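Undergrad: Need a 3D model of the following:
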Amino acid sequence: MDDADRTLLSRRTMLAGGAGSAAAAFIAAGPPADAAESASAVWHTAVFHFAPAHWAVAVSAFREMRSASRTHPGNLSYEVFRSAEDPGSFFIVEHWASAAALAAHEQTRIFNAVGRNILNRYAEVHAAVTGVPL
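TA: Next up, the predicted model:
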């Protein structure tokens, strides 16, 4: 499966089956072909949906999280996407060198201040899945 198919699969699954299904499908599709691989690497995908009143807060928070997370030890990539069909739907695709690096990221000030206290507070839907390449 190439990157374009993977993106289309994620969008279609999110629209048809909900946030959790989209995250699971993206992980099941595996990493992009050019992704750095290692036996301990993990991928983490989170899907969020926000009411229109919280879109601006979400965009700002996602940008802050992305910028900070890319500097965390073990982060190989951190991308944030907004649905082209539904402007209230966002998803994050993270690639970490190890589960330990992801766990350390989840203990950082930025993760707690922005992830837990802003994104999770305002999200109507939040689903996440962590996976490893097959």
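Undergrad: Could you find the closest non-adjacent residue to residue 101?
TA: Closest residue in space to residue 101, ignoring its immediate chain neighbours: residue 74 at 2.5 Å, by C-beta to C-beta, 6 or more residues apart in numbering. Glycine gets a C-beta too; all of them are placed from N, C-alpha and C.
Undergrad: Distance of the residue sitting furthest away from the middle of the chain relative to residue 104?
TA: Distance from the C-alpha centroid of the chain peaks at residue 53, with 21.6 Å (C-alpha atoms, centre = their mean). In this view, residue 53 and residue 104 are 33 Å apart by C-beta to C-beta, to the nearest Å.
Undergrad: likewise residue 55?
TA: Distance of residue 55 to residue 104, computed by C-beta to C-beta: 30 Å.
Undergrad: now residue 88
TA: With C-beta to C-beta as the criterion, residue 88 and residue 104 are 30 Å apart.
Undergrad: With residue 122 instead?
TA: Residue 122 sits 25 Å away from residue 104, taking C-beta to C-beta as the criterion.
Undergrad: quick one: the strands in the protein?
TA: Secondary structure of the chain (DSSP state E): strands at 42-49, 75-82, 89-96, 125-131.
Undergrad: Let me have those in TSV, extended by mean neighbour count and mean pLDDT.
TA: Listed next are these as TSV, based on neighbours: other C-beta atoms under 10 Å; pLDDT from 0 to 100:
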stretch	mean neighbour count	mean pLDDT
strand 42-49	22	96
strand 75-82	16	97
strand 89-96	23	96
strand 125-131	16	93
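Undergrad: Can you add distance to residue 114 and give those back as CSV?
TA: Output for these, formatted as CSV (distance: least, C-beta to C-beta, whole Å):
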stretch, distance to residue 114
strand 42-49, 12
strand 75-82, 12
strand 89-96, 12
strand 125-131, 13
